[in-house]
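> sequence first, predicted model second:
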Amino acid sequence: MRRDHAVPVLLTGFAGNKARLADAIEVAVVGGGLAGLAAATVLAERGARVTVIESEHYLGGRLGAWSDCLADGTPFGMERGFHAFFRQYYNLRALIRRFDPELGGFDAVPDYPILTPDGGFETFAGLPARPPWNVAVLTLRTKTMGFLDLLRVDKRAALEMLRFSREQTFARFDCRSSESYLDQLNFPPRARERLLHVFAHSCFNPQSDMSAAELLQMFHFYFTGNRDGLIFDIANRPFSQAVFDPLERYLGSFGVAIRRGTSVTALGREATGWRVATGEGDLQADAVVLAAHVPAVKAIVGASTGLDDPAWRARIDSLRATNAFAVWRLWLDRPAHPGRVPFAGTAGVGRLDNISLYHLFEDESREWANRTGGSVVELHAYALPDHVDEAELRADLRRGLQAIYPEFAGARVLEDRWLLRADCPSFYPGSAALRPGVGTPWPGLVLAGDFVSLSLPTALMERAVTAGFLAASTLLSSYDVAPEPLWSVPPRGVLA
């Protein structure tokens, strides 16, 4: 496990001395996404009898993948969209290394460019690894900011990116919107669009309805406090093959039961543990990890009995899902020009946020492209407005693709898959103080997911896995079992 820049996280209140449970306990994990599976892994390794209950017919949540077929009968793995595996996803990598020690299912991407229709681009390759020099070099080499532009930047606001301290940053900035903070920075419009937009949109929240503190945490975690660079790895096969099939086999070796296509409707506190109500009958458990997405968590808690702590219920009620995002995968009848990158962010092309050329990195798509001479392209649009017109959005995405990669103008769509989802957590201004943590008022119930409040800087997939590890450790601490080690980027900015 590469941890040369990682910082071990001190888990206060966890004093377990045992490696395993003396007597097995029954644990129900509600949700088969990264958070739930991370919790199930730690619990099963330490001797718990675990049942994972997943409403979908596939594992992975927003990283999930399922089997599909093209019209000609070619099988392929469809997914909820491209995901980047950044080098500072230390806990996610620790989970994957349990079944793929050398990370053979992943390949490095040399660059992460931001492309514009006028041929402009920003690159995050070749930057110094150590903050703040990475920030200085990026700022000095960009063509979107001149000397006079630098003089106009609000230096005090800009230095907040290097002063991140979770307690102080959230106390000062959580009730402000990201949009107001970015306005205060006073970056030139092109520099703001190319250098800052990617951080604001990468968690699917619109700038006007996202906490400025969460944005500063994103800056810190991905760039200003991260010594592994803004370069990442990508799966070289569908996520089901690279992650979830082998993880399921690994869990199976510990006796973990996985129930797909089963929805949990409510929880009930009982004298001897917990009742987990599903459409297929009830389960009894000593403990529960509630690791579903925000809409499901709110629905389950709302229908549950015995969860009668008003303050905690208020925290659950405060959770919201953010705006919808769209994923559009296209099988096109022509190739991309040589030299195109596997993944690129975009700026100045309407609602198009990024382009992935799947045939450049994924084995199934590469085989199809080699056989047909075509391309497999995926387009993403984040933080969409309510009641977006699907036909207009598709047309906008096609225009954006053709503006960035003109060779696809007039390309014929041989087949496509369209997804529009709205289940990512909202980090709206003022929400941090309301957000529930992993623990609950009841020792046998914990929460896990990227919606929970964590005391260390993290984001997206890494946030989900970290919450899952912490949820398992919280349950195990009642039995004097040692917690799962956690790792993070430095918790404070270089100027904090």
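Arrived safely. Residues are numbered from 1 along each chain as shown.
> contact partners for the closest residue to residue 273 other than its chain neighbours?
Nearest non-adjacent residue to residue 273, counting by Cβ to Cβ, 6 or more residues apart in numbering: residue 286, 4.7 Å away. For the C-beta atoms, the positions are set from N, CA and C on the backbone; glycine is no exception. The contact partners of residue 286, by Cβ atoms under 8 Å, 6 or more residues apart in numbering, come to 25-27, 273-274, 444.
> swap the cut-off to 7 Å and go again
Contacts here follow Cβ atoms under 7 Å, 6 or more residues apart in numbering; on that basis residue 286 touches 25-27, 273, 444.
> so which of these belong to strands?
Within these, residues falling in strands by DSSP state E are 26-27, 273.
> which one of the residues you listed is nearest residue 43?
Using Cβ to Cβ, residue 27 is the member of those that sits closest to residue 43, with 5.3 Å.
> hmm, that closest one is touching residue 48, no?
Yes. Shown here, residue 27 and residue 48 form a contact pair, counting by Cβ atoms under 7 Å, at 4.8 Å.
> among the ones in strands among the contacts of residue 286, who's most crowded?
residue 27 (27 neighbours; other Cβ atoms under 10 Å).
> still on that earlier bit, now tabulate the contacts of residue 286 in JSON lines and tack on pLDDT.
Below are the contacts of residue 286 laid out as JSON lines (pLDDT from 0 to 100):
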{"residue": "25", "pLDDT": "96"}
{"residue": "26", "pLDDT": "98"}
{"residue": "27", "pLDDT": "98"}
{"residue": "273", "pLDDT": "94"}
{"residue": "444", "pLDDT": "96"}
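> still on that earlier bit, closest one to residue 397 out of the ones in strands among the contacts of residue 286, please.
Nearest to residue 397 among the ones in strands among the contacts of residue 286, with distances taken as Cβ to Cβ, is residue 27, at 42.5 Å.
> could you measure from the closest one over to residue 479?
11 Å (Cβ to Cβ, to the nearest Å).
> can you list the contacts of residue 286 in TSV and add distance to residue 290?
Rendered in TSV, the data for the contacts of residue 286 read as follows (distance: Cβ to Cβ, whole Å):
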residue	distance to residue 290
25	16
26	15
27	11
273	15
444	11
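> which among those residues gets closest to residue 391?
Residue 391 lies nearest to residue 27 out of the contacts of residue 286, by Cβ to Cβ, at 46.1 Å.
> OK, contacts around residue 326?
Contacts of residue 326 by Cβ under 7 Å, 6+ apart are 380-381, 384, 393, 419-420.
> in strands, which of these fall?
Counting by DSSP E, these contribute 380-381, 419-420 to strands.
> now rank those residues by neighbours and give me the top one.
Within the ones in strands among the contacts of residue 326, most neighbours by other Cβ under 10 Å means residue 381, with 24 neighbours.
> let me see the contact set for that residue.
Residue 381 neighbours (Cβ under 7 Å, 6+ apart): 325-326, 351-353, 393, 397.
> returning to what we had before: nearest to residue 302, of the ones in strands among the contacts of residue 286?
Using Cβ to Cβ, the ones in strands among the contacts of residue 286 come closest to residue 302 at residue 273, 21.1 Å.
> hang on, the closest one packs against residue 283?
No. Counting by Cβ under 7 Å, residue 273 stays clear of residue 283, with 10.1 Å between them.
> residue 215 and residue 37, how far apart?
Using Cβ to Cβ, we find residue 215 at a distance of 28 Å from residue 37.
> again, but for residue 367
On the measure of Cβ to Cβ, residue 367 and residue 37 end up 28 Å apart.
> equivalent analysis for residue 168, please.
34 Å.
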